[in-house]
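**Q** give the three-dimensional model of this entry:
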Amino acid sequence: MESKIIETIKNTIYTIPGISSFANYLIDSYDISTDDVSNAVEISKFESIYKIKLHLVLFNGVNIKDVLTEVQSRLKYELERVHEFKQNFIVDVIVDDLK
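**A** Numbers count the residues shown, from 1 in each chain. The predicted model follows:
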């Protein structure tokens, strides 16, 4: 299940403008950018609801609120669509850096 979630996140995020890369929340470093989605996603489950925390690096100068709203709505829809609307998802987006 988690591999399907991570694959959906990877395929969806790269279509949204304003995102520089995923952010590795596991390290404390100057450059936290990563291509490894599994280091940028926290997945937890409570009963039948999946909670996704996605860490991102955005381009400097973008409207952060607009990008985050787009990521939340598009990612929630894509995750539920892939799981045939049988699972519920809560998506939290965290901006760890600007490039």
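**Q** need the pLDDT of residue 2.
**A** Turning to residue 2, the model gives it a pLDDT of 87.
**Q** tell me the pLDDT of the closest residue to it other than its chain neighbours.
**A** Distances taken as C-beta to C-beta, 6 or more residues apart in numbering put residue 43 closest to residue 2, at 5.7 Å, once the chain neighbours are dropped. In short, each C-beta sits where N, CA and C put it, glycine included. We have a pLDDT of 96 for residue 43.
**Q** got it, and residue 15?
**A** For residue 15, pLDDT reads 90.
**Q** would it count as being in a strand?
**A** No - secondary structure of residue 15 (DSSP: H, G, I helix; E, B strand; the rest coil): coil, not part of a strand.
**Q** distance check, it against residue 78.
**A** Counting by C-beta to C-beta, to the nearest Å, the gap between residue 15 and residue 78 amounts to 9 Å.
**Q** which one of these two is surrounded by more residues?
**A** Comparing residue 15 with residue 78 by other C-beta atoms under 10 Å, the one with more neighbours is residue 78, at 18 against 10.
**Q** most remote residue from the middle of this structure, which is it?
**A** Distance from the C-alpha centroid of the chain peaks at residue 47, with 21.2 Å (C-alpha atoms, centre = their mean).
**Q** phi first, then psi, for that residue.
**A** Dihedral angles of residue 47 (phi, psi; degrees, to the nearest 10) stand at phi 60, psi -120.
**Q** count the neighbours of residue 74 for me.
**A** Residue 74 has 15 nearby residues by other C-beta under 10 Å.
**Q** so which strand or helix has it?
**A** For residue 74, the host element (DSSP states H and E) is helix 64-82.
**Q** much appreciated, bye for now.
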